[in-house]
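Peer 1: Can you look at this prediction? I've put the sequence above it.
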Amino acid sequence: MMREDLRDGSTRLREPTRAWVTQCALSRICGLCEGGLTRPVAFVGTPREDGRNQFHRPPMHVACAESVRSGDEVVVTTAGFEFVRPDRDDPDRSPRFEPNSRF
């Protein structure tokens, strides 16, 4: 499970593993609560990820994404996404998500 419940009652995301991110993408499950995804789908990321339109954390429900967003992180909502599996020549060797529409 990607969620960590902290002593103060808050929730945060643990660092995603490659296997977990892939499972979330292929099974279309939320990276936080593990429930089935519906539209819109949300991604939490840094301003850099937002600018590149490439997110490394798995997709989530909007409410789940809002509950784990912190600091300067952004939440991007989309109707769909591409899951990119890096090849050997890819400088960013981690799987990532590219929203194909944003609202």
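Peer 2: On my side now, so go ahead. Here the structure is a predicted model, which is why all the values come from computation and not from measurement. Numbering: from 1, shown residues only.
Peer 1: pull the helix or strand with minimum mean pLDDT from the protein.
Peer 2: Every helix and strand of the chain was ranked by mean pLDDT, DSSP states H and E. The lowest is strand 3-5, at a mean of 55.
Peer 1: in this protein, which spans are strands?
Peer 2: Using DSSP state E, the strands of the chain run over 3-5, 11-13, 41-45, 74-78, 81-84, 96-99.
Peer 1: Tell me which of these is the most buried.
Peer 2: Stretch with highest mean neighbour count among these: strand 41-45 (a mean of 24; mean count of other Cβ atoms under 10 Å). C-betas here are computed from N, CA, C, even on glycine.
Peer 1: Any idea how far that strand is from the middle of the chain?
Peer 2: Taking Cα atoms, centre = their mean, to the nearest Å, the mean C-alpha location of strand 41-45 is offset from the chain mean by 5 Å.
Peer 1: the inter-axis angle of that strand versus strand 74-78?
Peer 2: Here strand 41-45 runs at an angle of 150 degrees relative to strand 74-78 (axes from the mean of the first three to the mean of the last three Cα atoms, to 10 degrees).
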